[in-house]
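Asker: I'll drop the sequence and a predicted model, then ask my questions.
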Amino acid sequence: MNQPTDEKRIHTGELNRRDFLKRVGYASAVALAAGGLGLAFYDWKGPAASEGQKALTGLGDYTPRALASGGAKMAIIRGTDRAAMFAQGVKALGGMESFIQKGDRVLLKVNAAFATPASLGATTHPEVLAAVAGLCFKAGAAQVLVTDNPINNPDSCFEITGLAGAARATGARVIAPRAALFSPVSLPGGKLIQNWPVMAGVFQGVTKVIVVSPVKDHQRAGASMTLKNFYGFLGGRRNVFHQDINGIITELALLLKPTLCVLDGTVSMMTNGPTGGSLSDLKDTGTMVVSTDPVAADAVGVELLGRSLADVPYILMAQAAGAGQADYRLLNPVLLDTRA
Amino acid sequence: MRIVTVRRLSQIFFLAVFLWFCITATLGTAWWQLRGWPINWILNLDPLTALATALATGTLYAPLTWALVATFLTLFVGRFFCGFACPLGTINQFTGWLGRLGQGPAGRVEANRHRRPQAWKYYLLVFLLALTFMGSVQTGIFDPLPLLHRSVNLALFPLADNCLGVLSDEPRFYASVWVIGVVLLGVVGLNLAWPRFFCRFACPLGALFGLLSRFTPWRIGKTADTCGDCLICEQYCEGACRPSGKFIGSECVLCFNCLDRCPVSRVTFAGKASAAGEVWVPDLSRRGFIMAGAGVLLASMWGVGGLAGANRDPSLIRPPGALDEERFLARCIRCGQCMRICPGNIIQPALFEAGVQGLWTPTVNYRIGRSGCQPNCIACGQVCPTAAIRPLSLEEKQGLGEFAAQGPIRLGTAFVDRGRCLPWAMDRPCLVCHELCPVSPKAIFTRTVFETIRDGQAVPARVQGPGVELEAPISTEANLANGDYYLRSTGQPEAALRRIAGLAGTRLTLERPLAGESLPAMGARVDIVVRLARPFVDAAKCIGCGMCEHECPVSGRRAIRVYSENESRSRLGRMLI
């Protein structure tokens, strides 16, 4: 019978008006904060189907501005000494100074796709890299970066191909792909490159881009040369684009306008490309192309492989899209021979 | 210098060396990367690994002779390794010390009281050694050195480095690694409740060292039977070996805290028995050993399962140079060195892929990581501490030079899943697998077919030069002008193919004009056909490197997959004659 009175005492006796008001105050403050947070995060729409991210529209136009008017845009050099061939070729186009100015930050896009030695010809030859990087520095470049998003483990690729060694020897810096370097790109008018991860981060602060590529057989694309080398900027599960290989290479040709293209056909991979794997897949074709036009450079490469433009459809498609000139003879290429 | 200071310095040294070698177990040419650093040194010091693999294989792999050094020292001074060297012991001692901060003397004495279950680790040791008699080495699961290497290699470093990006540019993945992480958390966390829990109750290596300390000429002991009963020695005893009373030799981890702290210097490390009496080992029951002996039975039953033979899982691919399954399980200690070093990140700890007895052994997973097994890489075999993966030379892996006759090391064979492959099942050109096959000549070859696309029949209204005007537009998602599509008269498989070079509405532009004889008759139909190069695998050339599987654009379950068929390591798996 005493129970109710006891309870009453406990409830009222130890809680005076002041404490009670304090409790009311605290409770109200927390309630207000919770309500405020609720309002601050209030989302009346619910989640979207996919997360939108602002996409870039391209990697940039690095075409040389101050090319002497009437000057040659392309040199085809015969020979065996890659460094000499590049030096003579670029000299015929007005010297490295017409492409690289003092303080330039130069990005060299090599083909480092596979962790195989340079002798197997599946990747950009380190001698060409060294020659190009060396002349870049000589022309006053502040920094030379070397990059690719290869197929094998990047560190293995750059080391085993000798590209890392060539970069170290000349003072260039290798940039291996990492997640932070990729951002979504949507090519205006493109059907394939829409909101697709591309290695745009390496272009940060870059003022000139030189693409240095080998000449290789490639069953699906017909050939892998300069334009196919652009594939190495793509991230994600890029292999889905092989369903429309010519379409993707054409779009890649529009994504980036390089300053200069070096296509090294001193030795070409004639069969079993693009991996090769045996010296018997290679042939001495003794030719290098130095060109401002990637499409024209590839058109020469096709001939080195003993093929025609019909075998490599993306070249004419890239020309039609406005990426360059497939009939390279119209560019009046300078013909040189370092063996003479 | 006080002996405990020496001990602490030694502990810090070994922990630092351990961590440093874990860091240097990175493929590369920088000074801090794998270039002659003896990254297996601590694993090589392990007598349990040496004993278990020697019992299972009848041989002692050369680098494991380092274990004799640890063995000899233990025979003379006792479990110095536990107190002075073991990196996991150091971590346990440190966390145990943290957990005892602020605790009173009574609580400390209680925490370090000798407990009967300290006998468990001996039963576990006997169980594991019984398994090795049947050829199954399971020591690595409990052995603190492989345990810590595995945990740091696969769980802690990737966790830290995925934020820092120092050891690798791209995040490293290890399947089911949370299980490994939870085990480490458990081992370390239990120190908060019972100091050195793992060392006292579970460590089979500690048990082995304990047994080896039977005849130590020098040992801890008391100079007089009675003392003031202050129990300060018990408060700080790491081994729970009862230094104040009847000393239990095999439990002493040589922490020297008793000797250091005894207020009357009654504890010594000397060439005589303790005045308070001593025993070699804790109370061990016959029942415990009988149960432990059941390991023989268990391993035998595993053998009945036939997983190493007829019942092997064809999707279990072992790294290049791995021995055949039976001999492999007689060596692998699951330390994770191969998984750590693999530049492709494709060597993964098995959960149950290799059966229960293959827990955390290396299995190759071509879906994860950067690429397939790179032909120019032999890192995994070079770092394997027990040669479960043989140290191959590049010549042997690639089948060059004196190995030309036996050919390259094959990990398995790739099989095309025609129900998932784009050119086989979806009328889509692809050929990524062929492109990436690193063998020369390629193990993947193609046969080209021209298939009429879905709803691909049309009626030309007008043909003029290379232009063909259709009566109605073709309904398709594909880009018909991308070089892969052709026009051909319906019902004439031998008729000339004309590549489509352009398409605008109903107007097709052909690469070359239709010639006279192949002009379709008025009102006759034409087919839009797609050129498909379909992949085939030449099993005699395939090395099972998995480049194709890794890069296959059918990214969920790949349309080309490597199975263990024809793997070099197993005669049973041989497929071709």
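Answerer: Perfect, thanks for sending it. Note that this is a predicted model, so its numbers are computed, not measured. Residues are numbered from 1 along each chain as shown, chains lettered A, B, ... in the order given.
Asker: helix, strand or coil for whichever residue of the stretch 301-450 of chain B sits closest to chain A?
Answerer: Relative to chain A, the nearest point of the stretch 301-450 of chain B is B:Ser440 (3.2 Å; CB to the nearest CB). (C-beta placed from N, C-alpha, C; glycine too.) When the structure is split into helix, strand and coil by DSSP: H, G, I helix; E, B strand; the rest coil, B:Ser440 lands in coil.
Asker: The residue lying closest to it once chain neighbours are set aside: neighbour count?
Answerer: Take B:Ser440 and drop its neighbours on the chain: the residue closest to it by CB to CB, 6 or more residues apart in numbering or on different chains is A:Gly277, 3.2 Å away. Close neighbours of A:Gly277, defined as other CB atoms under 10 Å in any protein chain shown, add up to 22.
Asker: ok but A:Gly277 is inside a helix, no?
Answerer: No - in this structure, A:Gly277 is coil, not part of a helix, as judged by three-state DSSP.
Asker: and it, what is it in contact with?
Answerer: The neighbours of A:Gly277, taking CB atoms under 8 Å, 6 or more residues apart in numbering or on different chains as the test, are A:116, A:120, A:122, B:375, B:438-440.
Asker: and stretch A:173-183, anywhere near chain B?
Answerer: Yes - applying CB under 8 Å from any CB of the partner chain, one finds stretch A:173-183 touching chain B at A:176-179.
Asker: what comes up buried for that stretch?
Answerer: By 16 or more other CB atoms under 10 Å in any protein chain shown, the buried positions in stretch A:173-183 come out as A:174-178, A:181-182.
Asker: next one: stretch B:171-186
Answerer: Neighbour counts using 16+ other CB under 10 Å place B:172-175, B:177, B:180-181, B:183-184 of stretch B:171-186 among the buried residues.
Asker: Just name the closest of those to A:Lys54, please.
Answerer: Comparing these against A:Lys54 with CB to CB picks out B:Phe173 as the nearest, at 28.5 Å.
Asker: before we move on, which element is the closest residue to the closest one other than its chain neighbours in?
Answerer: For B:Phe173, the nearest residue in space outside its immediate sequence neighbours is B:Ile368; the separation is 5.1 Å by CB to CB, 6+ apart. Using DSSP states H and E, no element contains B:Ile368; it sits outside every helix and strand.
Asker: Can you name the residues that contact B:Ile368?
Answerer: By CB under 8 Å, 6+ apart, B:Ile368 lies in contact with B:173, B:175, B:345-346, B:348.
Asker: Let me know the pLDDT of it.
Answerer: Among the per-residue scores, B:Ile368 holds a pLDDT of 90.
Asker: So what's the residue count around the spatially closest residue to A:Gly60 that is not a sequence neighbour?
Answerer: If the residues on either side of it in the chain are set aside, A:Gly60 comes closest to A:Phe203, at 6.2 Å by CB to CB, 6+ apart. Burial of A:Phe203 is recorded as 22 neighbouring residues (other CB under 10 Å).
Asker: repeat for the one 10 residues further on
Answerer: In terms of burial, A:Ser213 registers 29 neighbours under the definition other CB under 10 Å.
Asker: Using CSV, write out every CA atom in stretch B:273-291.
Answerer: Extracted as CSV, the C-alpha positions of stretch B:273-291 are listed here (Å, rounded to 0.1, in the frame of the first residue of the first chain):
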residue,chain,number,x,y,z
ALA,B,273,68.6,-26.2,-11.0
SER,B,274,66.2,-23.9,-9.1
ALA,B,275,66.4,-24.3,-5.3
ALA,B,276,62.6,-24.2,-5.3
GLY,B,277,62.4,-27.2,-7.6
GLU,B,278,61.7,-27.3,-11.3
VAL,B,279,59.8,-29.4,-13.9
TRP,B,280,60.4,-29.6,-17.6
VAL,B,281,56.9,-29.2,-19.0
PRO,B,282,53.5,-28.5,-17.6
ASP,B,283,51.1,-31.3,-16.8
LEU,B,284,50.5,-33.1,-20.0
SER,B,285,47.7,-35.6,-20.2
ARG,B,286,47.8,-38.8,-22.2
ARG,B,287,44.3,-38.0,-23.4
GLY,B,288,45.5,-34.8,-25.0
PHE,B,289,48.2,-36.6,-26.9
ILE,B,290,45.8,-39.3,-28.0
MET,B,291,43.5,-36.7,-29.4
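Asker: Before I go, just wanted to say thanks for your time.
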